[in-house]
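# need coordinates for the below:
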Amino acid sequence: MGQPPARGAVGDPVQPTLLASVELEELRERISWLILLRWLAILGVVITVWVAQHFLGIHLRAYPLYAVTAFLAAYNLVFWAAGRWLTPATHGMVVNAFANIQIALDLVALTALIHLAGGIENPFVCYYVFHIVISSMLLSRTATYFQASLALALLTSLALLEWQGLLPHYELTGFGTGELYRSRIYVLGALFAIGTMLYISAFMATSITSRLRRREVEIVQLSGALRERADDLAKAYDALRQLESARTEYLHRVAHHIRSPLATVERMLAVIAEGRTGDVSERSSEMLGRARGRIREVLDLARDLLALTRAREVLRLGDRRTVDLAALVREVASEARQQSPPNAASVVVSGPGSGVEVVGDPEALAELIENLVSNAIKYSPEGGQVRVSLSQTSDSVQLSVADQGIGIPPEEQDKVFDEFYRATNARESGKEGTGLGLSIARAIVEAHSGTISVESQPGKGAVFQVVLPRASGPLTPPSGITDPETVPPPA
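Numbers count the residues shown, from 1 in each chain. Down below sits the predicted model:
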C-alpha cells in the first residue's frame, strides 16, 4: 500500500495477510455504507434543486439535473444489487475494483452536475473533497491519489472546455455575475486552490486512515494473542485439575490402604498389651504403648488425608443444600464439650439462634467447624475459653473462632493453612497433630466459594475468620449470646 510496515504491540511486524484481511473486511463494510450515503446524496440533490428554483429564485436546468440524478440512482441500484454478492471469499482485487469504479462514477456524476449548474462558478466544486476523504477510507493511498487526480482532471477539463466555448456554460441566474468562467485568472486560481485542496486532503486523510488501520491490525493481533494465551491457560488449568485430581485420588488410596492394616495391628497390640496372649513384662508393656501411640498417629494422619480428599471433592460429589449454620455450630459445639477432657477450655457460642443459612454440603461444613473448634480447644490453656461467634450481612455469613491459646508467630500465619505445616510453637508445645486440620478447613471453605483468614499474636491466642456466601432469604437480626453453656463440661 506504499506505507511502512505496520508493527504490533511488541514491536514485531504485522503479518501482511492479517493486514490485508482486516482491510478487506473493512472495505466490504464501508462499501455498504457508501451505497447508503449515495442514496442520501441523491435525495439531497433533488431537494437542493427544488429549493433553489422555488424559494431562492435561482434559474437551473432542472430536467438535465434530474436526469443526472436518475443516472446516479440507477448505477447505485446496480451497485447495491452487486454488493450483496460480496462475501469474505470474494477476491480482494474484485472488491477494490468495485470500490474504485463507484468513486470514479461519482466524480463523473458530480462533474456533470456542476457543469449543468454554473460550472467552475458553482460553490459546490468543493464537494470533490468529500470523495477524496471517502477514497482514503475505502482505498489504498495510491488509489486515493489516483481518484484525486481524476477529480482534478475532470474539473480542469470542464473549466477549459467551457472557457474555450467547446461546452456550453449554464449560468446560475440570480447567483453571481455569470462571467467568472471566462476569467483566466479566476479559472486558474480556482483550479489551483481546488487541486491543492484535493491533494492535501488526500495526504492528510490517507495518513490518518493508514494509522488507524495499523492500530486496528494491532488490536486484532493483540486480541488473537490474548485468545491464544487464554486457550493456553485453559489447557494448563485443565491439566492442573487433572493432576490435582490424580494426586487427590492417590492420597485417598494410600490413606485407605494404610488405615485398614494399621487398625488391625493396633487392635492386635492392644490384645497383647492387655495380657490376653500371656504375661507381658513392664518393659514390653511400655514398648507396646509407644508402638500403639505411633500407630494412632499414623491412623490420625490417614484419617486426615481421607478428610482432605473428601474436602477437595465436596463440589463434585457433595450433597449441596441449604444449611442452617447457626444450628450446625451449636451441634458441633455441644459434641466438642462432651468429647473434651474435664479441664479443657469451655466453648461459648454467640450470634443468631437460627436462620443463618448457606448453601453447601452439611457434612463438610460440620467438619470445618469441628476442625476449627477442636484446634482452638487443643491449644488453649486449661480453664480457658473458646468463643465461636456467628453473624451475617445481606450477602455473606461470618464465622469466627477465637481461642486464648499459644497463638501463631506473625511470620508463619500465611503458612498454617499449608498441608503438613505446623507452627514452630505448636511443635514445641508437645501437642500431637498432623498439620492437616487447617488445610482441610481451607479446602472446605474454598469449595463453598468462601475465604478463611487468621489473626494472632504469640501467647495471646488466635482468631480464625470464615466468610461464606449467604443463601437468599430474610436477615435474622443478631440476638447476642444464645448458648448459656459457658462452663467446662463435667467429667
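# make sure Pro352 is indeed in a strand.
No. Counting by DSSP: H, G, I helix; E, B strand; the rest coil, Pro352 is not part of a strand but coil.
# the spatially most central residue of the chain: which element?
The structure's the chain has its C-alpha centroid closest to Ala230; by Cα atoms, centre = their mean the separation is 10.2 Å. In this structure, Ala230 sits in helix 184-273 according to DSSP states H and E.
# skip ahead from the helix or strand bottoming out on mean pLDDT in the chain and say which helix or strand is next.
Using mean pLDDT, DSSP states H and E, helix 314-317 stands out as the lowest-scoring helix or strand of the chain, at a mean of 52. The helix or strand immediately downstream of helix 314-317 is strand 321-324, counting by DSSP H and E.
# so what touches that following strand?
With contact meaning Cβ atoms under 8 Å, 6 or more residues apart in numbering, strand 321-324 is reached by 354-360, 362, 365, 471. Every residue, glycine included, has its C-beta placed from N, CA and C.
# show me which of these are buried.
356-358, 360, 362, 365, 471 (16 or more other Cβ atoms under 10 Å).
# phi, psi for Val348 please.
With angles defined as degrees, to the nearest 10, Val348 sits at phi -120, psi 130.
# how near is it to Ile377?
12 Å (Cβ to Cβ, to the nearest Å).
# average pLDDT for the helix or strand harbouring Ala364?
Per DSSP H and E, Ala364 falls inside helix 362-379. Averaged across helix 362-379, the pLDDT comes to 86.
# what residues are up against the residue lying closest to Ser354 once chain neighbours are set aside?
With sequence-adjacent residues excluded and distances taken as Cβ to Cβ, 6 or more residues apart in numbering, Ser354 is closest to Ala326, at 5.1 Å. For Ala326, the contact set (Cβ under 8 Å, 6+ apart) comprises 351-356, 390.
# what's the distance between Ala326 and Val401?
Distance, Ala326 to Val401, using Cβ to Cβ: 14 Å.
# swap in Leu372?
Leu372 is 4 Å from Val401, by Cβ to Cβ.
# overlap in contacts of the two?
Joint contacts of Leu372 and Val401 (Cβ under 8 Å, 6+ apart) are 464, 466.
# so Val108 makes contact with Leu154?
Yes. Proximity of Val108 to Leu154 meets the contact threshold set by Cβ atoms under 8 Å, at 6.7 Å.
# neighbour count winner among these two?
Leu154 (19 against 15; other Cβ atoms under 10 Å).
# tell me how far that one lies from Arg211.
Distance from Leu154 to Arg211, by Cβ to Cβ: 30 Å.
# how about low-confidence regions in the stretch 51-200 of the chain?
87-90, 92, 173-178 (pLDDT under 70).
# at 90 what do you get?
The model of the stretch 51-200 of the chain has pLDDT under 90 over residues 51-62, 79-100, 117-144, 162-165, 169-200.
# secondary structure class for Cys347?
You called it Cys, but residue 347 is Val. Relying on three-state DSSP, one would call Val347 strand.
# I'd say it and Gln339 touch.
No. When contacts are counted by Cβ under 8 Å, Val347 is not listed as touching Gln339 (11.0 Å).
# quick one, which of these two is more surrounded?
Using other Cβ under 10 Å, the more surrounded residue of Val347 and Gln339 is Val347, with 29 against 12.
# quick one: residues contacting the more buried one.
333, 336-337, 340, 373, 377, 385-386, 388, 485.
# from the residues you listed, which is closest to Tyr186?
Taking Cβ to Cβ as the measure, Tyr186 sits nearest to Val388 out of the contacts of Val347, at 97.1 Å.
# once you drop chain neighbours, what's closest to the closest one?
Closest to Val388 by Cβ to Cβ, 6+ apart is Val349, at 4.8 Å.
# how about Ala205: what's its closest non-neighbour residue?
Using Cβ to Cβ, 6+ apart and skipping the chain neighbours, the partner closest in space to Ala205 is Ser136 (3.5 Å).
# buried residues of stretch 32-42, list them for me.
34-35, 38, 41-42.
# mind listing the helices for the stretch 51-200 of the chain?
62-83, 92-115, 128-138, 141-163, 184-273 (DSSP state H, counting those that start in this stretch).
# and those, which is most packed in?
Mean neighbour count (mean count of other Cβ atoms under 10 Å) peaks for helix 128-138 among the helices of the stretch 51-200 of the chain, with a mean of 22.
# picking up where we left off before, name the helices or strands packed onto the helix holding Ala364?
Applying 3 or more Cβ pairs under 8 Å, 6 or more residues apart in numbering; DSSP states H and E, we find helix 362-379 packed against helix 282-312, strand 321-324, helix 325-339, strand 385-392, strand 396-402, helix 437-447, strand 462-469.
# got the buried residues for it?
362, 364-379.
# mind listing what Tyr186 touches?
With contact taken as Cβ under 8 Å, 6+ apart, Tyr186 is in contact with 120, 180.
# distance of Phe98 from Leu138?
For Phe98, the distance to Leu138 - Cβ to Cβ - is 10 Å.
# also Pro64?
29 Å.
# Asp403 too?
For Asp403, the distance to Leu138 (Cβ to Cβ) stands at 75 Å.
# all good on my end, thank you.
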